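**Q** can you look at this prediction? I've put the sequence above it.
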Amino acid sequence: MRKILFFLLTIGLFWACNHQPEVKTLSGTIIGADGKAPALAHVHLLHLGSQPYNPLKTVTAQKNGHFSMPMPQGNYWQIYVTAADHQALLLPLLTDDPNESVALNIRLAHNPYTKDFSQVHITGDWNRFDFSSADSFTKQADGTYLFEVESPADTVAYQLLGLVTDGRSVNGTDYDHLVYDGGGDYKSVVKVVNNKARIVFDPQKLVRVTTDNYPAVTVTKGSETVKEVYEIALKNKTFRQKEEAAQINYRKTHGNVTGFVFDRLDIKRYLSQKTKNGNTSLGKRFAALMLAGNTSPRDEDAKSIYNLIITTLPLTDELWAAEAMSCSYIFEEALGEEQAQALFKKEVKQIPNRLTQAGILVSMGRYARDKGNVETQRSIFNNLKTNYADLREIAYYVALLNPGRRIAKGKQVPDFTLPQLNSSKTISNKKLLGKYYIMDFWATWCGPCVGEMPKMHEAYKKYKSPRFTILSLSFDRNKEAIEQFRKKEWKMPWLHVFLEGGNRDTISKEFEVSGIPKPILVDPKGKIVATEGELRGDDLDVTLAKFLRNER
């Protein structure tokens with residue numbers, strides 16, 4: 001009897017071991033723009049809509065570029081693919097089957113390197129990676145650049161600034177090994193010999209190709225849905241990269257981007273067709289999501305497109321997590337603000353994704369704030385602070401709803417006295433009494449800040465008077481960066497302050513600067529009358545006209 005039981009138990013164990021449910025995996029290969037495996041690469045798994053700095057899990061690719069990651073069940077994810085010398089790539093991972101395994105071959109685009117290496121700087125352990133105190137290289141006769149620094153440690157880590165056109169800090173060409181920096185790029189690590197690190201930057205070692213530098217993804221294992229989503233995602237990514245490159249070239253030729261236009265008709269037509277006639281349900285919905293990012297309210301067909309989007313993607317669709325903070329804007333453009341807000345109030349509790357739900361609550365809080373409904377604003381703020389504090393993606397927006405903020409409409413601007421850039425004079429809130437002025441917190445390395453320049457210049461030209469001016473307060477690493485920017489790109493013919501040392505920390509705290517650009521409009525009595533989004537893009541002129549129409 002015991003032998004029979006043992007035999008049956010053995011058979012049962014054998015059957016169980018060979019009939020376990022298949023583990024869901026994401027696997028594949030990462031190659032660089034040159035067709036070779038990058039020196040170091042990672043794949044990071046994220047919830048859909050989450051920012052890349054806090055992944056659920058990360059795997060390191062093997063030396064040959066292969067990777068494999070066990071996946072939790074679920075239909076809606078995204079992956080963030082990073083590699084030394086390359087641009088990070090954020091990709092959707094959307095399936096109809098929560099247990100579906102997927103395999104991808106991924107080719108990354110190399111970093112968008114500048115052609116002028118004279119402005120490349122270095123930052124590292126020795127200055128705690130403080131961009132404002134980055135050091136210069138010394139150019140060598142062989143075309144390389146040298147930097148030496150003393151250190152008591154065995155190794156030093158460093159990154160380069162000014163090497164790529166999008167303002168990121170990236171790894172150098174000289175290293176003994178690399179480490180991920182947690183934000184999409186890498187640090188180079190070199191050995192210290194006799195208490196000195198000798199770092200050489202060699203432009204000839206940069207990973208670059210002469211052909212089109214676009215990412216590519218091939219689905220080697222996955223359903224038709226997965227393949228269609230990646231077709232749409234890569235089509236959209238390539239278009240956006242072409243637009244960015246065209247804008248950079250336009251700026252080089254014209255000195256700024258005033259008048260820059262890039263025709264989005266083809267990508268809009270493609271995404272509209274996919275939204276209406278895609279091969280899969282998920283593909284149609286994802287195309288609608290991408291269409292939202294390619295449509296401007298100024299487009300002639302904006303209204304019909306926005307209505308197509310919200311018909312395809314109702315408020316309760318989980319895909320909105322990928323655009324959680326702009327979802328409300330799409331509905332407001334399609335339905336009008338009041339009707340959209342009524343819909344939000346009715347359906348916010350039925351939204352299945354917490355990030356999307358939080359984004360809608362932020363919109364409802366903003367609406368209450370703008371309408372002067374302080375109690376509703378306070379209630380929503382407390383709800384967000386209590387129940388959504390773990391969502392770092394919304395922290396900045398929640399802070400704007402705090403009824404206790406010092407920097408808010410109706411509050412007096414904090415006292416300040418600061419030295420003007422390249423001048424022996426100071427500027428203060430008391431000296432500016434009697435006029436309207438915009439306080440513009442910015443930096444040359446901040447893409448959105450630079451993106452505001454055309455409208456800022458138009459506004460200054462239109463409203464400049466003894467009763468209006470602009471005060472730009474820069475967070476750049478040095479004064480030279482501001483001077484070069486004003487010579488080559490935008491003149492910014494108004495008041496300037498370079499924030500450094502103690503002034504930087506004090507002003508950041510006093511003015512609650514957690515991100516830039518941060519514009520503030522102050523009236524002649526020193527009272528804040530507009531902030532943030534009211535002073536950006538097309539809304540800048542609308543807001544200034546309200547206060548200054550009788551001042552010119």
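**A** Okay, I see it.
**Q** immediately after the longest helix along the chain, which helix or strand?
**A** What stands out as the longest helix in the chain, according to DSSP state H, is helix 224-254. Downstream of helix 224-254, the next assigned helix or strand under DSSP states H and E is helix 265-277.
**Q** now do that next one: distance to the chain's middle.
**A** Distance of helix 265-277 from its chain centroid, counting by Cα atoms, centre = their mean, to the nearest Å, is 25 Å.
**Q** run through the neighbouring helices and strands of that helix.
**A** Identification of packing neighbours for helix 265-277 by 3 or more Cβ pairs under 8 Å, 6 or more residues apart in numbering; DSSP states H and E yields helix 224-254, helix 281-293, helix 302-312. Using the backbone N, CA and C atoms, a C-beta is placed for each residue, glycine as well.
**Q** show me what the shortest one is in contact with.
**A** Taking contacts as Cβ atoms under 8 Å, 6 or more residues apart in numbering, the residues outside helix 302-312 that touch it are 268, 272, 275-276, 284-285, 288-289, 291-292, 295-296, 299, 330-331, 333-335.
**Q** how does it look with 7 Å?
**A** Contact with helix 302-312 is made by 272, 275, 284-285, 288, 291-292, 295-296, 330-331, 333-334, as judged by Cβ atoms under 7 Å, 6 or more residues apart in numbering.
**Q** can you dump the C-alpha atoms of the helix or strand just after it in PDB for me?
**A** Tracing the chain past helix 302-312, the next element assigned as helix or strand by DSSP H and E is helix 327-335. The C-alpha coordinates for helix 327-335 follow below in PDB (Å, rounded to 0.1, in the frame of the first residue of the first chain):
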ATOM      1  CA  CYS A 327      -6.900  64.100 -19.800                       C
ATOM      2  CA  SER A 328      -9.200  66.800 -18.300                       C
ATOM      3  CA  TYR A 329      -7.900  69.300 -20.900                       C
ATOM      4  CA  ILE A 330      -9.100  67.100 -23.800                       C
ATOM      5  CA  PHE A 331     -12.600  66.800 -22.300                       C
ATOM      6  CA  GLU A 332     -12.800  70.600 -21.700                       C
ATOM      7  CA  GLU A 333     -11.800  71.300 -25.300                       C
ATOM      8  CA  ALA A 334     -14.400  68.900 -26.600                       C
ATOM      9  CA  LEU A 335     -17.300  69.700 -24.300                       C
END
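**Q** and the helices in the stretch 1-150 of the chain?
**A** 2-18 (DSSP state H, counting those that start in this stretch).
**Q** could you measure from the nearest residue to Gly283 once chain neighbours are set aside over to Thr95?
**A** The shortest distance from Gly283 to any non-neighbouring residue, by Cβ to Cβ, 6 or more residues apart in numbering, is to Glu228 (3.7 Å). With distances taken as Cβ to Cβ, to the nearest Å, Glu228 is found 11 Å from Thr95.
**Q** all strands for the stretch 401-550 of the chain, in order.
**A** 417-419, 426-428, 436-442, 468-474, 495-498, 518-522, 528-531 (DSSP state E, counting those that start in this stretch).
**Q** the third one packs against which elements?
**A** To tie it back to what came earlier, the one meant is strand 436-442. Packing contacts for strand 436-442, counted by 3 or more Cβ pairs under 7 Å, 6 or more residues apart in numbering; DSSP states H and E, involve strand 468-474, strand 518-522.
**Q** closest to Phe67 out of those strands?
**A** strand 518-522 (39.2 Å; Cβ to Cβ).
**Q** which neighbouring elements make contact with that closest one?
**A** Secondary elements touching strand 518-522 (3+ Cβ pairs under 7 Å, 6+ apart): strand 436-442, strand 528-531.
**Q** other residues contacting the last one?
**A** Just to be clear, that refers to strand 528-531. 407-411, 413, 520-523, 543, 547.
**Q** of the residues you listed, grab the buried ones for PyMOL.
**A** A single PyMOL command selects the buried members of the contacts of strand 528-531 (16 or more other Cβ atoms under 10 Å):
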select buried, resi 407+408+409+413+520+521+522+523+543+547
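**Q** list the buried residues for stretch 337-346?
**A** Result for stretch 337-346 [16+ other Cβ under 10 Å]: buried residues 340-341, 343-344.
**Q** my bad, stretch 162-170
**A** Neighbour-count burial for stretch 162-170 [16+ other Cβ under 10 Å]: 162-165, 168-170.
**Q** can you check stretch 55-70 too?
**A** Buried, per 16+ other Cβ under 10 Å, within stretch 55-70: 55, 59, 61, 65, 67, 69.
**Q** show me which pair in these is furthest apart.
**A** Between any two of the buried residues of stretch 55-70 (Cβ to Cβ), the greatest distance is 19.3 Å, for Pro55 and Gly65.
**Q** determine which two of the buried residues of stretch 162-170 are furthest apart.
**A** Thr165 and Ser169 (13.2 Å).
**Q** shared neighbours of these two, anything?
**A** Contacts common to Thr165 and Ser169, judged by Cβ under 7 Å, 6+ apart, are absent.
**Q** touching, Ser514 and Leu400? I think so.
**A** No: the criterion here is Cβ atoms under 7 Å, and Ser514 misses it with Leu400 at 9.3 Å.
**Q** in the stretch 201-350 of the chain, which ranges drop under the pLDDT threshold?
**A** 255-258 (pLDDT under 70).
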